[in-house]
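In: Sharing a model prediction with you, sequence too.
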Amino acid sequence: STHTLSVANLLIDTKNNIGTSASDPLDIVAYNIAAKSNTSGNIWITDSSALTVSELTIGSTTITGVSSTASDIDIRATNTLQISNDVVAGSNGNIILYGGTSSTGNVILGANVTTGTGNIDIKAGSAITRSAGTVTGDQVFLDAADSVGTSSVPVVTDAATLGGQVTTSGGFYVNDIGNV
């Protein structure tokens, strides 16, 4: 049977996996998350509402953002996914960030999304917007129904290979600061 962890603020600090696999993630309903896999674990999280990657302190433990040492990070929210603090997959870890299903939900980039030589896939049911931060990875793919960035505030990337699409009627605005 499937169990869902429901809390306002979720802080996870482990040396192993968070979730069992991409097909069996940790199912949560939370407003804010901060998570760290310290040794060799992947992070697979699915939130059935809106979710913000935050800085959280519980007791004497403070975690900022979501990070793995050298493993994959996969965070999916049914509604909007807001990146308020860095998401970092060390070494060659891949990052998947999904906000929304069908035509609702956004991914709001307000901090860095970074991997060493891994790939990054960001997908939004509606739009991918940016207020701060850079998306840095080997291959970066941005996919949204309505728009990626805006003409005045594009999504900033640093990628060896950049791809993406807008599947309905909006614009695709990206500023790559590397040698794409």
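Out: Sure thing, it's come through. Source: prediction; values computed, not measured.
In: any idea how far stretch 17-27 is from the chain center?
Out: Chain-centre distance of stretch 17-27: 15 Å, with C-alpha atoms, centre = their mean, to the nearest Å.
In: Dump the C-alpha coordinates for that stretch into CSV.
Out: Extracted C-alpha coordinates of stretch 17-27, given in CSV (Å, rounded to 0.1, in the frame of the first residue of the first chain):
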residue,chain,number,x,y,z
ASN,A,17,18.4,7.1,-0.7
ILE,A,18,15.4,9.3,-0.1
GLY,A,19,12.5,7.3,-1.7
THR,A,20,13.0,3.8,-3.0
SER,A,21,13.3,4.5,-6.8
ALA,A,22,12.1,6.8,-9.5
SER,A,23,9.0,4.6,-9.8
ASP,A,24,8.6,4.4,-6.0
PRO,A,25,9.4,7.9,-4.6
LEU,A,26,8.8,9.3,-1.2
ASP,A,27,5.2,10.5,-1.4
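In: tell me which residues of that stretch are tucked away?
Out: For stretch 17-27, a neighbour-count test (16 or more other C-beta atoms under 10 Å) marks 17-19, 25-27 as buried. Just so you know, the C-beta spots here come from the backbone N, C-alpha and C atoms, and that holds for glycine as well.
In: try stretch 172-180
Out: Buried residues in stretch 172-180, counting neighbours by 16+ other C-beta under 10 Å, are found at 173-174, 176.
In: hang on, the earlier thing: which one of the buried residues of stretch 17-27 is nearest to Pro154?
Out: Top of the list for closeness to Pro154, among the buried residues of stretch 17-27 and by C-beta to C-beta, is Pro25 at 30.6 Å.
In: so who does that closest one touch?
Out: Pro25 makes contacts with 19, 44-46, 74, 76, as judged by C-beta atoms under 8 Å, 6 or more residues apart in numbering.
In: Can you tell me how far it is from Thr157?
Out: From Pro25 across to Thr157, the span is 26 Å (C-beta to C-beta, to the nearest Å).
In: Mind putting the contacts of Pro25 into CSV with pLDDT and distance to Ser91?
Out: CSV is the format used below for the contacts of Pro25 (pLDDT from 0 to 100; distance: C-beta to C-beta, whole Å):
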residue, pLDDT, distance to Ser91
Gly19, 92, 19
Trp44, 96, 18
Ile45, 96, 20
Thr46, 95, 24
Asp74, 97, 16
Arg76, 96, 22
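In: Whichever strand or helix holds Ile128 packs against which elements?
Out: With elements delineated by DSSP states H and E, Ile128 resides in strand 127-132, which encompasses its position. Judged by 3 or more C-beta pairs under 8 Å, 6 or more residues apart in numbering; DSSP states H and E, strand 127-132 is in contact with strand 107-110, strand 135-144, strand 147-148, strand 155-166.
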